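Visitor: return a 3D structure for these sequence lines:
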Amino acid sequence: MHGFTGPVLANMESGLARHGVHTLHGTARFTGAEHLIDSAGFLYLEHLPSRILFVGGGLISFEFAHIAARAGSHVMIVDRGSRPLRGFDPDLVELLVTRSADIGIDLHRGTEIVAVHANGDGYDVTIDHLGQ
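Guide: Residues are numbered from 1 along each chain as shown. Just a heads-up that it's a prediction; the model follows:
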């Protein structure tokens, strides 16, 4: 099943180890994020909320953000890095970021979620602009 990817992962991991990087293995999970849902949870929403915040500037966030924005939701993406979609061509990413802004997607770079608290009819999200 992992005949193709297994050797690539092993080579990558040994390269990381040579550079002093300790890798971790296991199942990832959210901690302290009882008010967040993952991508599967998004797919099971019966109705899109009028406002949606996506955590992280990766491919899934951008895909879902475009769907939600075109369906009428006000969308924000919060990304810790200075450039979203790091594994992709920077020029193409900036074209996508511009197009995203054109349809109302609000991207916050260099920003992280500090806290999410439920209020009467939604959530209050505290963010930190890293290094600013």
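Visitor: show me where this protein has helices.
Guide: In the chain, helices defined by DSSP state H lie at 5-18, 39-43, 59-70, 90-102, listed in chain order.
Visitor: okay if I get those as JSON lines plus mean neighbour count, mean pLDDT and distance to residue 122?
Guide: (Glycine included, C-beta is placed from N, CA and C.) As requested, the helices of the chain are arranged in JSON lines below (neighbours: other C-beta atoms under 10 Å; pLDDT from 0 to 100; distance: least, C-beta to C-beta, whole Å):
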{"stretch": "helix 5-18", "mean neighbour count": "10", "mean pLDDT": "76", "distance to residue 122": "40"}
{"stretch": "helix 39-43", "mean neighbour count": "11", "mean pLDDT": "93", "distance to residue 122": "16"}
{"stretch": "helix 59-70", "mean neighbour count": "17", "mean pLDDT": "97", "distance to residue 122": "15"}
{"stretch": "helix 90-102", "mean neighbour count": "13", "mean pLDDT": "97", "distance to residue 122": "23"}
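Visitor: nearest to residue 113, out of those helices?
Guide: Shortest distance between residue 113 and these, using C-beta to C-beta, is found for helix 59-70: 12.7 Å.
Visitor: could the helices of the chain go into JSON lines alongside distance to residue 108?
Guide: Putting those into JSON lines (distance: least, C-beta to C-beta, whole Å) gives the following:
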{"stretch": "helix 5-18", "distance to residue 108": "29"}
{"stretch": "helix 39-43", "distance to residue 108": "19"}
{"stretch": "helix 59-70", "distance to residue 108": "12"}
{"stretch": "helix 90-102", "distance to residue 108": "12"}
